[in-house]
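**Q** Predicted coordinates and the sequence they were generated for:
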Amino acid sequence: MTDQTPNGPDAPGGCPVAHGGTDPARLYGPEAATDPHGIYERLRKEHGSVAPVLLEGDVPAWLVLGYRDNRRVLDNPRQYSRDARIWRDWQAGRVEETSPLVPMLAWRPDCVSQDGEPHRRLRGAVTDGLLAASARGVRRHATHFANQQIDAFADAGQADLVADYAEYLPMLVLTRILGLPAAEGRSLVESCAQVLKGGEGALAHNDRIVHILGELAERRRVEPGSDFTTALLEHPAGLDPDEVVSHLRLVLIAAHTTTSNLLARVLQLVLTDDYRLVGLVSGQLNISAVVEEVMWNAPPLAVLPGRFAATDLELGGHLIKEGDLLVLGLAPGNADPEVRPDPEVSVQGNQSHLAFSAGPHECPGQNIGQSIVEIGVDILLHRLPGLRLAVSPEELSSTASTWESRLDSLPVEFPV
């Protein structure tokens, strides 16, 4: 499903191309993995609030860097559709079916791939199911699994709060929400990470997730439970089998990867700043304020896929052609100097960040994710008095993919 037509000024369909004589930046590869923010800022200086970029496989796209332009795209689905079936490079066969971009960008029978009435129908089922799950004790599940994870390393006097805690806590809570066995949830952590990471294994891991969730849906058809899966199966919207599995996949991947990343970043901020650590332990500082700060400065998804131009239009001074792919720069949008001229000024109480997207497709499960993070931090700090970073803050490192930047590790030590 691919050809070798180059993307350039004369490429069919008018794909995004270089402006000002420079090649589009790659949002993958060694530089993107180690310094994505450097790429964002360089692109902002060269191109303004919208810039041409290349995704894996040198697939062209527009990266939206400006806060206001991000909102313009997110708030206007008639102009910027979520329906990947209008993606011109896909229609023309310039994106292979085996591309690692497929799990993140291809059309699926889920609410994020639809606009208008189809979106409202499916989104309603998801929202109702998540509300019911939240009412059945997300905070209780988060408390249970946070203590369980801490029990595993509490006597060791040391831990890696990424590998031993943040990577697993959200998934374990999700197993209860979806109706999965906890052991199965643990095995899905790696698959979710690989889908976001991209590369050769992305499609195989995506297929594995779909297979496991398909089996879950079949079990719940025979034996209903008080879980999100059963709620989708029984919803008045009448979801078909593919729609049910697609939404289970959507919730699993989106909720786990974003919440685990957010939890790790909040813990990083707390453990590298004595003021915040002491304030949280003493109760003088509200954990919600710290979470909000991280959502501004290190949103769990740095770049959100994707929107497709429904017609020729102008954005950020650039001509966007019908069928062009746009990816939303949530991290650079939050750092846009037009809305944050002084990044050191406190954002406390300001919830207008882009971390949960915006518009009709704004994340419907954000309250669940925030609850898991807040409980995870609170229990950890009170279970392990004297918790401190085991290395200097400068030694902490991150690895980025196109879509996110994840903390590699967070080694800590504590008295036993």
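**A** Thanks, I have it. Numbers count the residues shown, from 1 in each chain.

**Q** quick one: secondary structure of the nearest residue to residue 302 once chain neighbours are set aside?
**A** Distances taken as CB to CB, 6 or more residues apart in numbering place residue 331 nearest to residue 302, at 3.9 Å, with adjacent residues excluded. Yep, even glycine has a C-beta here, placed from its N, CA and C like the rest. Counting by DSSP: H, G, I helix; E, B strand; the rest coil, the backbone at residue 331 sits in helix.

**Q** Pull the contacting residues for residue 331.
**A** 36-37, 40, 298-299, 302-303, 405 (CB atoms under 8 Å, 6 or more residues apart in numbering).

**Q** Got the phi and psi for residue 215?
**A** Backbone torsions for residue 215, taken as degrees, to the nearest 10, come to phi -70, psi -40.

**Q** Pretty sure residue 336 sits in a strand.
**A** No: secondary structure of residue 336 (three-state DSSP): coil, not part of a strand.

**Q** who touches it in this structure?
**A** Here residue 336 is in contact with 49, 65-68 (CB under 8 Å, 6+ apart).

**Q** repeat that for 7 Å
**A** Shown in contact with residue 336 (CB atoms under 7 Å, 6 or more residues apart in numbering): 66-67.

**Q** ok, now residue 248?
**A** Going by CB under 7 Å, 6+ apart, residue 248 touches 178, 213, 216-217, 229.

**Q** Can you check the pLDDT for the residue nearest in space to the middle of the chain?
**A** The centre of the chain sits closest to residue 301, judged by CA atoms, centre = their mean, with a distance of 3.8 Å. The model reports residue 301 with a pLDDT of 96.

**Q** and residue 140, how many neighbours does it have?
**A** Neighbourhood size, residue 140 [other CB atoms under 10 Å]: 12.

**Q** I misspoke; the intended subject was residue 51.
**A** For residue 51, the neighbour count with other CB under 10 Å is 28.

**Q** Number the residues from 31 up from this point.
**A** In the new count, where the first residue is 31, that last one comes out as residue 81.

**Q** That one falls within a strand, correct?
**A** Yes: Residue 81: assigned to a strand according to three-state DSSP.

**Q** Quick check: chain neighbours aside, which residue is closest to it?
**A** Per CB to CB, 6+ apart, closest to residue 81 is residue 73, 3.9 Å.

**Q** Please name every helix or strand in contact with the least confident helix or strand in the chain by mean pLDDT.
**A** When the helices and strands of the chain are compared on mean pLDDT, DSSP states H and E, helix 212-227 comes out lowest with a mean of 87. Helix 212-227 sits against helix 199-208, helix 232-252, helix 271-301, with contacts defined as 3 or more CB pairs under 7 Å, 6 or more residues apart in numbering; DSSP states H and E.

**Q** Buried deepest among those, which one?
**A** For the helices and strands packed on helix 212-227, the largest average neighbour count (mean count of other CB atoms under 10 Å) is found in helix 199-208, namely a mean of 25.

**Q** I'd like to know how many residues surround residue 263.
**A** The tally of other residues near residue 263 (other CB under 10 Å) stands at 18.

**Q** in a helix, that's where it is, yeah?
**A** Yes: judged by three-state DSSP, residue 263 forms part of a helix.

**Q** Now do the same contact list for the residue nearest to the centre of the chain.
**A** Applying CB under 7 Å, 6+ apart, we find residue 331 in contact with 288, 360, 433-434.

**Q** Could you do residue 128 as well?
**A** Contacts of residue 128 (CB under 7 Å, 6+ apart): residue 233.
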